[in-house]
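Asker: The following block contains a protein sequence and its predicted model.
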Amino acid sequence: MSIESNVAALAAADKVITDGGIETWIDFRSDYELPDIGTVSMLDSGAGRAVLIDLESRYIAAARENDLPIVIGTPSWHASQHRLQAAKYPASAVERLNRSAVWLARGLRREVAQGNGFVAGVLGPFGDGYDPGAGLDSTQARIMHQRQVEALSTAGADFLFAVPLPAVNEAVGICLAMADTESAYVPSFLLDESGRLPDGTALGEAIGRVLDEVSRPPLHIAVSCVHPRVFTTAYRNAQDLPGAHNLELIAQLKANASDRPRAELDGSMELHADEPEQWAAEMIAARETANLRILGGCCGTDESHIAALSRQLAAADSL
């Protein structure tokens with residue numbers, strides 16, 4: 001793979017790893033004090049950038065040891081216009097910080113992953129990613145997220161990655177904004193065991209809304225911030241709900257290390273996580289259930305989880 005990898009290679013790949021938890025790793029496994037604005041603030045700090053580079057390099061090492069390409073997410077989840085404005089950043093910070101985030105990830109792909117990877121330009125929902133009531137309608141979301149997605153796209157992210165999306169209306173709006181750029185894009189939904197988003201929309205129905213209302217389709221569909229056992233149960237339940245035929249578009253899972261309820265994990269002062277080999281085995285089971293191609297970690301996962309997953313994924317049969 002060339003240093004300037006592309007989304008065609010990602011779409012064709014059968015086994016791809018992603019990085020793991022970022023903010024939970026920093027909160028629980030480092031001495032760095034993360035501010036309310038999150039990892040984006042670390043881009044303006046030499047110590048902060050060093051932590052980000054060290055952490056992502058650990059994830060990349062796990063992928064390289066097993067000859068797997070890796071998706072490297074940018075530290076830009078909180079780098080939207082409204083969040084930066086609330087944190088008293090100047091208006092120009094949207095472009096500057098998102099560009100810095102992409103260039104950091106591109107540098108890691110080039111220098112550490114030796115070109116065998118992809119850069120995901122990461123953005124989050126308007127409000128709390130766990131609260132569907134904190135979201136926007138589709139028109140508001142398209143306008144609110146437009147500036148950040150343009151900044152990530154212009155900076156050279158391989159694809160745009162919106163995560164986690166608990167409500168379908170904002171998901172559609174974010175997808176409209178992402179589709180307005182020239183970049184490939186991926187919406188990543190939050191999911192309950194019922195097979196529905198937290199706002200009550202069936203997963204297949206939510207995917208259908210994106211396909212029907214956005215002129216350019218996504219590269220694929222992802223699910224994030226759920227434990228692999230929860231995903232497997234949810235995926236099976238979603239087969240009996242509206243839009244089940246759209247589930248075949250799901251290709252990616254970034255999963256939590258704990259199956260405890262989100263309300264219990266959110267703001268917890270203790271890190272909850274499965275043992276790496278056990279978690280990785282559950283991820284492989286989810287892969288087989290849903291024909292997934294791209295697997296990685298979310299809250300609570302660290303380099304040991306990604307290393308275990310990389311080993312098991314490399315050894316797994318091709319789908």
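Answerer: Yes, it's here. Everything numeric in this text was worked out from a predicted model, so none of it was measured. Residues are numbered from 1 along each chain as shown.
Asker: Average pLDDT for stretch 41-55, rounded please.
Answerer: Average pLDDT, stretch 41-55: 97.
Asker: How far does it sit from its chain's centre?
Answerer: Its chain's C-alpha centre and that of stretch 41-55 lie 19 Å apart, by C-alpha atoms, centre = their mean, to the nearest Å.
Asker: contacting residues around residue 174?
Answerer: With contacts defined as C-beta atoms under 8 Å, 6 or more residues apart in numbering, residue 174 is in contact with 123, 125, 141-142, 145, 149, 162, 165, 187. Bear in mind the C-beta positions are built from the backbone N, C-alpha and C, glycine included.
Asker: Which strand or helix spans the nearest residue to it once chain neighbours are set aside?
Answerer: With sequence-adjacent residues excluded and distances taken as C-beta to C-beta, 6 or more residues apart in numbering, residue 174 is closest to residue 162, at 4.7 Å. Assessed by DSSP states H and E, residue 162 sits inside strand 159-165.
Asker: List the strands paired with that strand, with their directions.
Answerer: According to DSSP bridges, strand 159-165 has the following sheet partners: strand 117-123 (parallel), strand 184-189 (parallel).
Asker: quick one: average confidence on stretch 125-141?
Answerer: For stretch 125-141, mean pLDDT is 93.
Asker: circling back to that earlier point, and the residue nearest to residue 174, how far is that from residue 54?
Answerer: Residue 162 is 26 Å from residue 54, where distance means C-beta to C-beta, to the nearest Å.
Asker: thinking in terms of the whole chain, how far from its middle is the next helix or strand after the strand holding residue 162?
Answerer: Next along the chain after strand 159-165, taking DSSP H and E as the criterion, comes helix 168-179. When distances are taken as C-alpha atoms, centre = their mean, helix 168-179 is centred 15 Å away from the chain's centroid.
Asker: Compute the inter-axis angle for helix 168-179 and strand 159-165.
Answerer: Comparing the axes of helix 168-179 and strand 159-165 via axes from the mean of the first three to the mean of the last three C-alpha atoms, to 10 degrees yields an angle of 170 degrees.
Asker: residue contacts, residue 190?
Answerer: By C-beta under 8 Å, 6+ apart, the residues touching residue 190 are 129-130, 164-166, 197-198, 223-226.
Asker: For those, work out which two are farthest apart.
Answerer: The widest separation within the contacts of residue 190, taken as C-beta to C-beta, falls between 130 and 223 and amounts to 14.3 Å.
Asker: Which residue of these two possesses the greater neighbour count?
Answerer: Shown here are residue 130 and residue 223; by other C-beta atoms under 10 Å, residue 223 has more neighbours (29 against 16).
Asker: Provide a list of residues in contact with residue 167.
Answerer: 125, 132-133, 135, 197-199, 201.
Asker: Mind jotting down where the strands sit in the protein?
Answerer: When assigned using DSSP state E, the strands of the chain occupy the ranges 16-18, 70-73, 117-123, 159-165, 184-189, 221-226, 250-255, 294-297.
Asker: count of residues packed around residue 188?
Answerer: Residue neighbour count, defined by other C-beta under 10 Å, stands at 24 for residue 188.
Asker: in the sheet, who's paired with it?
Answerer: With DSSP bridges as the criterion, the beta-bridge partners of residue 188 are residue 222.
Asker: Return the distance of it relative to residue 48.
Answerer: Using C-beta to C-beta, which is the criterion applied here, residue 188 is 25 Å from residue 48.
Asker: for residue 61, same thing?
Answerer: Counting by C-beta to C-beta, the gap between residue 61 and residue 48 amounts to 21 Å.
Asker: ok, back up a step: in a markdown table, list the strands paired with strand 159-165 along with distance to residue 82.
Answerer: Output for the strands paired with strand 159-165, formatted as a markdown table (distance: least, C-beta to C-beta, whole Å):
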| stretch | distance to residue 82 |
| --- | --- |
| strand 117-123 | 12 |
| strand 184-189 | 19 |
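Asker: quick one, which of those is packed in tightest?
Answerer: Most buried of these, by mean neighbour count (mean count of other C-beta atoms under 10 Å): strand 117-123, with a mean of 29.
Asker: tally of neighbours for the residue lying closest to residue 38 once chain neighbours are set aside?
Answerer: If you skip the residues right next to it in sequence, residue 38 has residue 78 as its closest partner in space, 4.0 Å away by C-beta to C-beta, 6+ apart. Applying other C-beta under 10 Å, we find 22 other residues in the vicinity of residue 78.
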